[in-house]
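In: I'd like to go over a predicted model; first the sequence, then the structure.
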Amino acid sequence: MRRSRNRREAILAEVKNGQADVDRLAASFGVSASTIRRDLQELSASQAVTRTYGGAILTPGPVTDVEQSLQARRAVNRSAKAAIAAAALALLRDGERLILDGGSTVAAMGQGLRQRRHLIITNNMPLVPLLAGMAEIEVMVLGGAVRSISMATSGPVAEQALRQVTADICFVSADGVVAGRGLCEAMPEQTALKSLMMAQASEIVVLADSSKLGQAKQPFWAPLDRPWTLITDAAADPMQCRLLEGSGAKVIRAE
């Protein structure tokens, strides 16, 4: 059941990116064309897509924003993410225990940890082999169900492991950051784990480029109910920054 749901989420992202042909989707996901047709029928029933001959298109109108795949997100706002990652690395002191969330901006930060000494606790699967190859980095991987669209773990297994550790700083990202509400994501498992990550750390640092600020793109929320730091890019809307500061954030705009 979970595998089918994850595949449908990934299919929806592919449809948004222009990949809507049944046969190509079947080859991409390694399943039969009939399985893809059933997935598209389920997505059509929820009004996320509209079926066409041989495939589907996104349903026009005010539907929830489609969650992008990790590969697609890596290609967006690269220079902003690089600047945010550099500013995040500048906050670190050697020997600190860090929690690193899933997501492309946090992954950009993780790639800069070479020659540093830290214990890293993470559910970010693409980062694991990179971090494991760094001589002074110790890695603790949070197990659980892997969402193919984000390549990050979540669920009760990951939460149980996380409850047994604490960290100095938690670095998280999100699909949207809204003053007074917190961080939004597409699935409740994501926000449950994100909330626990923040609870287990002494400091909270949110890494979000300017396109995420003020955006309630997804329906599930992780509240930010204590002082936290936002690192965003230089293009961030000053009004959004003031609103976030008013809700308890220290805002760093990375040049």
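Out: Structure's in. What do you need? Numbers count the residues shown, from 1 in each chain.
In: Who are the contact partners of the residue nearest to Leu243 when sequence neighbours are not counted?
Out: With Cβ to Cβ, 6 or more residues apart in numbering as the criterion, Leu243 has its nearest non-adjacent residue at 3.9 Å, and that residue is Ala179. Placement of C-beta: from N, CA and C, glycine included. With contact set as Cβ atoms under 8 Å, 6 or more residues apart in numbering, Ala179 has these partners: 214, 240, 243-244, 246-247, 249.
In: buried sites along stretch 180-195?
Out: Along stretch 180-195, these residues count as buried under the neighbour rule (16 or more other Cβ atoms under 10 Å): 182-187, 189-195.
In: quick one: which of these is nearest Asp23?
Out: Distance to Asp23, by Cβ to Cβ, is smallest for Ala186 among the buried residues of stretch 180-195, at 26.9 Å.
In: Wait, the closest one touches Trp221, no?
Out: No: if you go by Cβ atoms under 8 Å, Ala186 and Trp221 don't touch, sitting 11.4 Å apart.
In: returning to what we had before: please flag which of the contacts of Ala179 sit within helices.
Out: In this view, the contacts of Ala179 that belong to helices under DSSP state H are 240, 243-244, 246.
In: Let me have those in JSON lines, adding pLDDT as columns.
Out: Converted to JSON lines, those look like this (pLDDT from 0 to 100):
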{"residue": "Gln240", "pLDDT": "93"}
{"residue": "Leu243", "pLDDT": "93"}
{"residue": "Leu244", "pLDDT": "95"}
{"residue": "Gly246", "pLDDT": "93"}
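In: Generate a ChimeraX selection restricted to the buried subset of those.
Out: Restricted to buried positions by 16+ other Cβ under 10 Å, the ChimeraX selection for those reads:
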select :240,243,244
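In: Any chance of JSON lines for the ones in helices among the contacts of Ala179, columns distance to Ala152?
Out: Converted to JSON lines, the ones in helices among the contacts of Ala179 look like this (distance: Cβ to Cβ, whole Å):
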{"residue": "Gln240", "distance to Ala152": "26"}
{"residue": "Leu243", "distance to Ala152": "28"}
{"residue": "Leu244", "distance to Ala152": "24"}
{"residue": "Gly246", "distance to Ala152": "31"}
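In: Farthest pair within the buried residues of stretch 180-195?
Out: Gly182 and Glu189 (16.0 Å).
In: mind showing which ranges of the protein have poor pLDDT?
Out: When residues are selected by pLDDT under 70, those of the chain lie in 1-2, 5, 16-20, 45-54, 56-77.
In: Mind jotting down where the strands sit in it?
Out: 49-52, 55-58, 97-100, 118-122, 137-141, 145-147, 152-154, 167-172, 176-178, 182-185, 201-207, 220-222, 228-233, 249-254 (DSSP state E).
In: closest to Asn6 out of those strands?
Out: strand 145-147 (5.5 Å).
In: Look up how far Glu138 lies from the spatially closest residue to Leu92 that is not a sequence neighbour.
Out: Spatially, and ignoring its direct neighbours in sequence, Leu92 is nearest to Arg116 (6.8 Å; Cβ to Cβ, 6+ apart). When distance is defined by Cβ to Cβ, to the nearest Å, Arg116 is 11 Å away from Glu138.
In: ok, now which ones touch the residue nearest to Gly214 when sequence neighbours are not counted?
Out: Among residues not flanking Gly214 along the chain, Gln240 sits closest, at 4.8 Å (Cβ to Cβ, 6+ apart). By Cβ under 8 Å, 6+ apart, the residues touching Gln240 are 179, 213-214.
In: Turn those residues into TSV, columns for distance to Ser79.
Out: What follows is the contacts of Gln240, written out as TSV (distance: Cβ to Cβ, whole Å):
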residue	distance to Ser79
Ala179	25
Leu213	17
Gly214	21
